[in-house]
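>>> Dropping a prediction and its sequence here:
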Amino acid sequence: MARRFLNLVVESNRDGLYSLRRVPANRLLYPSRRAAEAATAKSEEEVKAYKEHEGRRHPGLHFMERFGQFPSPMINFQASPTYEHSSRNLELATLLGDDENKILTVDNSGHTLLFDTVSYSVVKFPSLKSNKGRGAISLPVDRAAPQEPDGLYVMSPTADPLTSDCCFEVLNYGSRGFHERAPSWLPLPPLPSASYTHANLVSCTLVGSTIFVSSTAPECGTHAFNTLTGEWHHVGYWTMPFYGRAQYVPDLNLWFGLSARHPYNLCAIDLSNAHLHPPDVLQTWLDLDIPKSWSPSKLNLISLGSGRFCAAKIFRSNMPAAAAFLDDSDDDDDYTVDSHVIPTDFAVFTGLHMVRRNGKDGQEQIQMIKHKSIFYTFNSYNIEWVI
């Protein structure tokens, strides 16, 4: 199903209020493949001329479209006050399943609310058994069998042996929506990597009804959780190349994600036989030319349906102290020095379309059609989640 909107959960710098704002997905896409290819070719020529004129400095945001007026809020909300926590913040914002109109939020007390953008209603859900920390990871699993409830699986991204028993939970709700079944959180067997210090999760994805997770600890590698049997098993001492959540595209039978290493390219692997052998990276694409002076704080790949994506990348401010360590006379072809300092955090949203084509050798390949790149510099609002 094609997505109509990107959902942004933002925090106000003035009063700490959170708000839900929506961006039309077609804001990132040209009306046709031909228009996208023509715009990309023109942009590449402009960037090349700029680098030659400016002594190989990276153009930064100069040739990107500015976000412009920030969308109006659909709803404002705040995390619950508690006696146990001195701070009030959200730890998770995610879609409920694949429905872009139902947004679930969880604060640092485990309180859970659902916002329905169609009915403009708010529903209070049961609280998490235990909070999962800031940046909690979620994966929805929609069941094929109507007698089985859909589930939203939530896990802590950081390893802590002291709290490993409550690092993984599932929210069960009805296969046709939560109206037919009272939602409930169920604790699950802890991630095997949770018993290792510093074994933080780096990537995850869904392979059929099985959740794959990779951690930073070499002794852990990749584990898989069977959502039907409720059991973990070790897949191998290799890790998926992605940062965060990877997306499966049925039409292409591949998993797409953003690389965990500079320049954080889009990459694709085939996990269908991962239990037999470690998967190789099949292809990579430069979806966004990033100078090394840009330090990412969040990377998200959002599926818009039919092989279309939004690559949402949030970067920390590019301060002069960081740029001073970069050598402008470097001879390599990686233009690392930005042409100007960006004094605030900023986000870049890039529309992408992956399609099949025949290569020169007659072999079928996947081609990336790049659409628009739009940037937003944080001022009054910080973008916390793009879902």
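Yep, it's here.

>>> where's stretch 263-272 relative to the chain centroid, distance-wise?
Its chain's C-alpha centre and that of stretch 263-272 lie 13 Å apart, by C-alpha atoms, centre = their mean, to the nearest Å.

>>> same deal with stretch 279-297?
14 Å.

>>> Same question for stretch 132-146.
In terms of C-alpha atoms, centre = their mean, the centre of stretch 132-146 is found 14 Å from the chain centre.

>>> Contacts for that stretch next, please.
Outside stretch 132-146, the residues that touch it by C-beta atoms under 8 Å, 6 or more residues apart in numbering are 89, 91-92, 94-98, 106, 108, 149-158, 167, 169, 175-176, 201, 204-206, 209, 211, 227, 244-245. Just so you know, the C-beta spots here come from the backbone N, C-alpha and C atoms, and that holds for glycine as well.

>>> If we use 7 Å, what do you get?
Contacts with stretch 132-146, where a contact means C-beta atoms under 7 Å, 6 or more residues apart in numbering, come from 89, 91-92, 94-95, 97-98, 106, 149-158, 167, 175, 201, 204, 206, 209, 211, 227, 245.

>>> shaky segments in the stretch 151-300 of the chain?
Within the stretch 151-300 of the chain, the stretches with pLDDT under 70 are 161-165, 174-181.

>>> quick one, helices of this structure?
Applying DSSP state H to the chain gives helices spanning 33-53, 320-323.

>>> okay if I get those helices as JSON lines plus mean pLDDT, distance to residue 232 and mean neighbour count?
Formatted as JSON lines, the helices of the chain follow (pLDDT from 0 to 100; distance: least, C-beta to C-beta, whole Å; neighbours: other C-beta atoms under 10 Å):
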{"stretch": "helix 33-53", "mean pLDDT": "93", "distance to residue 232": "42", "mean neighbour count": "13"}
{"stretch": "helix 320-323", "mean pLDDT": "46", "distance to residue 232": "40", "mean neighbour count": "12"}
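
>>> Which among the ones you listed is found nearest to residue 12?
Among these, the nearest to residue 12 by C-beta to C-beta is helix 320-323 (26.8 Å).

>>> What is the neighbour count of residue 371?
Using other C-beta atoms under 10 Å, residue 371 has 24 neighbouring residues.

>>> picking that back up, ok, of the contacts of stretch 132-146, which come out buried?
91-92, 94-95, 97, 106, 149-158, 167, 175, 201, 204, 206, 209, 211, 227, 245 (16 or more other C-beta atoms under 10 Å).

>>> So which of the residues you listed sit within strands?
Among the buried ones among the contacts of stretch 132-146, the ones falling in strands (DSSP state E) are 91-92, 94-95, 106, 150-155, 201, 204, 206, 211, 245.

>>> just those now: which is nearest residue 272?
Ranked by distance to residue 272 (C-beta to C-beta), these are led by residue 206 at 12.5 Å.

>>> Run a quick neighbour tally on the residue nearest to that closest one when sequence neighbours are not counted.
Using C-beta to C-beta, 6 or more residues apart in numbering and skipping residues adjacent in sequence, the residue nearest residue 206 is residue 139, 5.7 Å away. When neighbours are counted by other C-beta under 10 Å, residue 139 registers 20.
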